[in-house]
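*Asks:* Fold the following for me, if possible:
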Amino acid sequence: MSQIAIILLFLCQQTAFSFGAGLEKKPSDCRDTKRFCHTLTNAQCGLRVAKKYCPETCQSCDELPLSPETSTPECSDDRDDCEDAFYICGVYANYEKKCSKTCELCPAQQDDAIRKCVSKNHKDFCYKLESVCSSMLGVPLPSFAPGSSHKLPPNVAHCVSSENRMAVCHVKHGSDFCYKLEAACARINNVPLPQQTPGSEYKLPEQVAACMSKEEVMAVCEAKHGAVQCNSWKESCTKKRKGAHELSGEEKECIKTQSVMATCKSKYGDHCLSLQGECAGIYGVPAALLTKNGIYKMASIVESCVDLGGTMATCISNHNASQCYDWERKCTADENAPSSILARNSYHFLPPAVASCVLTQDIMERCQKKFGLQKCYSLDAECKRIFGEPSVSYAAGSLYRLSPQVIGCMVPQI
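*Replies:* Model prediction:
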């Protein structure tokens, strides 16, 4: 047995001893003080080395996430001690060169930039971001299977890890809108834009980057409708006050509503009315109201739905499209509803019951990813209690059911 393996065996034996003979193992016992066993088995309990050297730690708690992964040829070094003395990258750094392929079964080959991105965002967003960064820099990406571990060229990795503002904007909104937004932010802040160098990372003045990051309402409006139209809406939405002043939250919301409604009517024509109805119906609030002075008023929760293009578009902005279409099929069958209609310019209209059902699955999925299953069930029960609705137990694999009032209660919290 190699020297490293002997050391690790000793550490894990000490770990096992620390639990005490005959003591019932509780969830708190999973937190082992020995660095090797704790770090390894929390992530890779299925590894041969975990079973061999840290069986007590590995089996101490049912809540530990077990991994079925085993070594594969591309993740194995030609040294017996590499897997037998399995080390954690960065902890046993002296052996990384000797066992570079075995290091955590290849996650070290996955770029830190992507891992950092995926820890905060949906993985699809991160892979789109690396593609955009690659295109903007003119640097090709290495060949790799979708979703597999891979290394990024250094400048692409920096673009991804720093979440370059222009690249992020391209992923979310497309290049045409983003260049207009950049120009609007520069004009509003009276900041000149620098000349970009081909092949270099896109650099923005600090004020422009902040404006784009926050998606300042006047800049977004100007990028979509032009300065003249947006200044007109600003005048109509702004309360008369003496002297210069910043827009209040209510005034910003008013300007955004006019922008959303103008885009809706331009993009969907007469179908804009049904889109408003769908979005208002799923949240149980009124649709847009046109005031005497020609200004629209709309609940922000409805405004967001209309801006994205309805329930299905909202769902797809949060999940894989295939997941949303699967929910649509299940909800349509469950509600015995007619099939959805693709309206002008691909507005994906859903019957009211199906729209509510799809949105419910979207909300519960996002809630569970953010808070975990039990907290989401508690939030569901609390919102139902507020509106006097009975709490419901959900069978595994069944569709979730939330009323418009409960949906409106949960959405702001997730």
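*Asks:* I'd like the distance between Leu137 and Val156.
*Replies:* 6 Å (CB to CB, to the nearest Å). For every residue, glycine as well, the C-beta is placed using N, CA and C.
*Asks:* out of these two, which sits in the busier spot?
*Replies:* Val156 (27 against 20; other CB atoms under 10 Å).
*Asks:* Can you tell me the closest non-neighbouring residue to that one?
*Replies:* Leaving aside its chain neighbours, Val156 sits nearest to Cys133 (4.9 Å; criterion: CB to CB, 6 or more residues apart in numbering).
*Asks:* Quick check: pLDDT value at that neighbour.
*Replies:* With respect to pLDDT, Cys133 has a value of 95.
*Asks:* before we move on, which element is it in?
*Replies:* If you go by DSSP states H and E, Cys133 is part of helix 123-137.
*Asks:* before we move on, the earlier item: roughly how far apart are the residue nearest to Val156 and Ile414?
*Replies:* Cys133 is 29 Å from Ile414, by CB to CB.
*Asks:* more neighbours, those two?
*Replies:* Cys133 (31 against 15).
*Asks:* if I pick the more buried one, what's in contact with it?
*Replies:* Residues in contact with Cys133, defined by CB atoms under 8 Å, 6 or more residues apart in numbering, are 156, 159-160, 164, 167.
*Asks:* Cys357 too?
*Replies:* 327, 331, 334-335, 399, 401.
*Asks:* Go again with 7 Å.
*Replies:* 331, 334-335, 399 (CB atoms under 7 Å, 6 or more residues apart in numbering).
*Asks:* so how many other residues sit close to Ser200?
*Replies:* 11.
*Asks:* which SSE is it in?
*Replies:* Going by DSSP H and E, Ser200 is not in any helix or strand.
*Asks:* Skipping its backbone neighbours, what lies nearest it in space?
*Replies:* Nearest to Ser200 is Leu137, by CB to CB, 6+ apart, at 7.4 Å.
*Asks:* Quick check: which ranges of the stretch 101-250 of the chain have low pLDDT?
*Replies:* Within the stretch 101-250 of the chain, the stretches with pLDDT under 70 are 101-111, 145-149, 241-244.
*Asks:* could you pull out the strands for it?
*Replies:* Assigned strands in the stretch 101-250 of the chain: none (criterion: DSSP state E, counting those that start in this stretch).
*Asks:* which residues of it fall in helices?
*Replies:* 112-120, 123-137, 154-161, 165-173, 175-189, 206-214, 217-225, 227-237, 249-268 (DSSP state H, counting those that start in this stretch).
*Asks:* out of these, nearest to His348?
*Replies:* Proximity to His348, assessed across the helices of the stretch 101-250 of the chain by CB to CB, is greatest for helix 249-268 (11.1 Å).
*Asks:* and that closest one, what does it pack onto?
*Replies:* Here helix 249-268 touches helix 217-225, helix 227-237, helix 271-283, strand 296-297, helix 300-308, going by 3 or more CB pairs under 7 Å, 6 or more residues apart in numbering; DSSP states H and E.
*Asks:* will you turn the ones you listed into TSV that also has mean neighbour count and distance to Asn318?
*Replies:* TSV is the format used below for the helices and strands packed on helix 249-268 (neighbours: other CB atoms under 10 Å; distance: least, CB to CB, whole Å):
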stretch	mean neighbour count	distance to Asn318
helix 217-225	22	20
helix 227-237	16	28
helix 271-283	21	14
strand 296-297	17	26
helix 300-308	20	10
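*Asks:* would you turn these into TSV with distance to Ala353?
*Replies:* Output for the helices and strands packed on helix 249-268, formatted as TSV (distance: least, CB to CB, whole Å):
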stretch	distance to Ala353
helix 217-225	33
helix 227-237	35
helix 271-283	10
strand 296-297	27
helix 300-308	16
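*Asks:* so which of those gets nearest Lys120?
*Replies:* Across the helices and strands packed on helix 249-268, closest to Lys120 is helix 300-308 (CB to CB), at 21.0 Å.
*Asks:* which of the residues in the helix or strand following that closest one are buried?
*Replies:* Of the helices and strands lying after helix 300-308 in sequence (DSSP H and E), the nearest is helix 311-318. Using 16 or more other CB atoms under 10 Å as the test for burial, helix 311-318 gives 311-316.
*Asks:* what's helix 311-318 in contact with?
*Replies:* 278, 282, 305, 308, 324, 328, 348, 350, 355, 358-359, 362, 366.
*Asks:* Flag the least confident of those.
*Replies:* Among the contacts of helix 311-318, His348 has the weakest pLDDT, 85.
*Asks:* Run a quick neighbour tally on that one.
*Replies:* 21.
*Asks:* related to what we said a few turns ago, which one of the contacts of Cys357 is nearest Ile386?
*Replies:* Leu399 (22.3 Å).
*Asks:* Nearest to Val392 among the contacts of Cys133?
*Replies:* Checking those one by one against Val392 (CB to CB), the nearest turns out to be Val160, at 41.9 Å.
*Asks:* now the residue nearest to Ile414 when sequence neighbours are not counted: how far from Ser356?
*Replies:* Nearest non-adjacent residue to Ile414, counting by CB to CB, 6+ apart: Cys367, 4.8 Å away. Using CB to CB, Cys367 is found at 16 Å from Ser356.
*Asks:* who wins for most neighbours among the contacts of Cys357?
*Replies:* Result: Cys331 is most packed of these (other CB under 10 Å), 23 neighbours.
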